[in-house]
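**Q** Show me the folded form of this:
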Amino acid sequence: MIQKLISAIQKTQAPIVVGLDPKLSFIPDRITSEAYREFGETAEGAAQALWNFNREIIDGVYDLIPAVKPQIAMYEQFGIPGLIAFDKTVRYCHEKGLLVIGDIKRGDIGSTSEAYAIGHLGSTKVGSTMVSGFDEDFATVNPYLGSDGVQPFIDVCNQADRGIFVLVKTSNPSSGEFQDRKIDGRPLYELVGEQVEKWGQQSMDGAYSNVGAVVGATYPEMGKVLREIMPHAYILVPGYGAQGGKGSDLVHFFREDGLGAIVNSSRGIIAAWKSEQYSSFGQNRIGEAARAAVLDMKEDISNALCSR
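**A** Residues are numbered from 1 along each chain as shown. Purely as a prediction, here's the structure:
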């Protein structure tokens, strides 16, 4: 699966993934009002607003990018209607030719992780029929339970040609409370990175593994170290834009050939229409605002990689 992502990145010349993490506050009144008229101010109304918003964003950017990354929590908060909106979003992105990274951050004891992996990446037998759940192409995985929690995902990746990104050094400010703790003189995130590289040997796909890593753009020096520790892991890099990361922070996440990383931006793109920089688009052209933000991000990353 990682080779499919690499091919899509090379085709678009954009190592960018758009985070579909909608909040109701990101959505124009015209969209929420229409959804509430049809379904009321209910979970169903909120979910319909998310779906209509996502569709406009996707229509604006799908030809510029290789992948999207919907964060499932933004949908789960509205219960079953929200999950239906998540599922519709995944399916629509596939129709548009996009790869989907399910930002689910799952990880549990073996049998539970297996069920998570099957539900999001694989398929299961119902009677004589094989059925799929959400059918994403990749998923984010929490490694806190160790190999018991990660191995089932690797097994499903090998069976179904899918991929995962394991949390190694996350972009949030408090990540260091655990991830920077020293064990035998080394920070925990380095030890997790080494384990990701080992796990990845079970699922090689060309020069890279289907077992990738999540490393935040907000910690570029740590990213430089982790790039060396995990030479075969593709790195998913959150934290660009609204969280403070910029193109110049990203150069060490990439290998010399310009591959090795894909950079996420969520609200910097999907809520671009609300920012001063893209305010001229207004609430009736949110897809165009998102498109402009993607093009600016693409240029920023390209300039940084060319000047290193």
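
**Q** so where do the strands sit in this protein?
**A** In the chain, the strands defined using DSSP state E lie at 16-20, 67-70, 99-106, 123-126, 129-132, 138-141, 163-169, 182-183, 186-187, 204-205, 208-215, 233-237, 261-265.

**Q** Please name every helix or strand in contact with the third one.
**A** Under the contact criterion of 3 or more Cβ pairs under 8 Å, 6 or more residues apart in numbering; DSSP states H and E, strand 99-106 touches helix 2-12, strand 67-70, helix 79-95, helix 110-121, strand 138-141. All C-beta atoms are positioned from the backbone trio N, CA, C, and that covers glycine.

**Q** before we move on, back to that, want to throw the strands of the chain into JSON lines with mean neighbour count and mean pLDDT?
**A** JSON lines is the format used below for the strands of the chain (neighbours: other Cβ atoms under 10 Å; pLDDT from 0 to 100):
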{"stretch": "strand 16-20", "mean neighbour count": "26", "mean pLDDT": "97"}
{"stretch": "strand 67-70", "mean neighbour count": "26", "mean pLDDT": "98"}
{"stretch": "strand 99-106", "mean neighbour count": "24", "mean pLDDT": "98"}
{"stretch": "strand 123-126", "mean neighbour count": "11", "mean pLDDT": "94"}
{"stretch": "strand 129-132", "mean neighbour count": "11", "mean pLDDT": "94"}
{"stretch": "strand 138-141", "mean neighbour count": "27", "mean pLDDT": "98"}
{"stretch": "strand 163-169", "mean neighbour count": "27", "mean pLDDT": "97"}
{"stretch": "strand 182-183", "mean neighbour count": "9", "mean pLDDT": "96"}
{"stretch": "strand 186-187", "mean neighbour count": "14", "mean pLDDT": "96"}
{"stretch": "strand 204-205", "mean neighbour count": "17", "mean pLDDT": "94"}
{"stretch": "strand 208-215", "mean neighbour count": "28", "mean pLDDT": "97"}
{"stretch": "strand 233-237", "mean neighbour count": "28", "mean pLDDT": "97"}
{"stretch": "strand 261-265", "mean neighbour count": "27", "mean pLDDT": "95"}
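
**Q** To residue 283, which of those strands lies closest?
**A** With Cβ to Cβ, the closest approach to residue 283 among these belongs to strand 16-20: 18.2 Å.

**Q** Backbone dihedrals for residue 277, please?
**A** Per-residue torsions, residue 277: phi -60, psi -30 (degrees, to the nearest 10).

**Q** burial count for it?
**A** 11 (other Cβ atoms under 10 Å).

**Q** Next: residue 93.
**A** Around residue 93 there are 23 residues (other Cβ under 10 Å).

**Q** contacting residues for it?
**A** With contact set as Cβ atoms under 8 Å, 6 or more residues apart in numbering, residue 93 has these partners: 58, 62, 68, 100.

**Q** Please report how far it lies from residue 57.
**A** For residue 93, the distance to residue 57 equals 10 Å [Cβ to Cβ, to the nearest Å].

**Q** Could you do residue 8 as well?
**A** Distance of residue 8 to residue 57, computed by Cβ to Cβ: 18 Å.

**Q** neighbour count winner among these two?
**A** When residue 8 is set against residue 57 and neighbours are counted by other Cβ under 10 Å, the residue ahead is residue 57, at 25 against 18.

**Q** I figured that one was touching residue 272, is that so?
**A** No: taking contacts as Cβ atoms under 8 Å, residue 57 lies outside contact range of residue 272: 9.3 Å.

**Q** Mind listing the shared neighbours of these two?
**A** 286, 290.

**Q** on that earlier part again, could you point out which of the contacts of residue 93 is nearest to residue 175?
**A** The closest of the contacts of residue 93 to residue 175 turns out to be residue 68 (Cβ to Cβ; 23.7 Å).

**Q** show me what contacts the closest one?
**A** Residues near residue 68 by Cβ under 8 Å, 6+ apart: 17-20, 58, 93, 98-101.

**Q** at 10 Å what do you get?
**A** 16-20, 54, 57-58, 61-62, 89-90, 92-93, 96, 98-103, 136, 264, 270 (Cβ atoms under 10 Å, 6 or more residues apart in numbering).

**Q** Residue 1 versus that one, what's the distance?
**A** Taken as Cβ to Cβ, the span from residue 68 to residue 1 is 15 Å.
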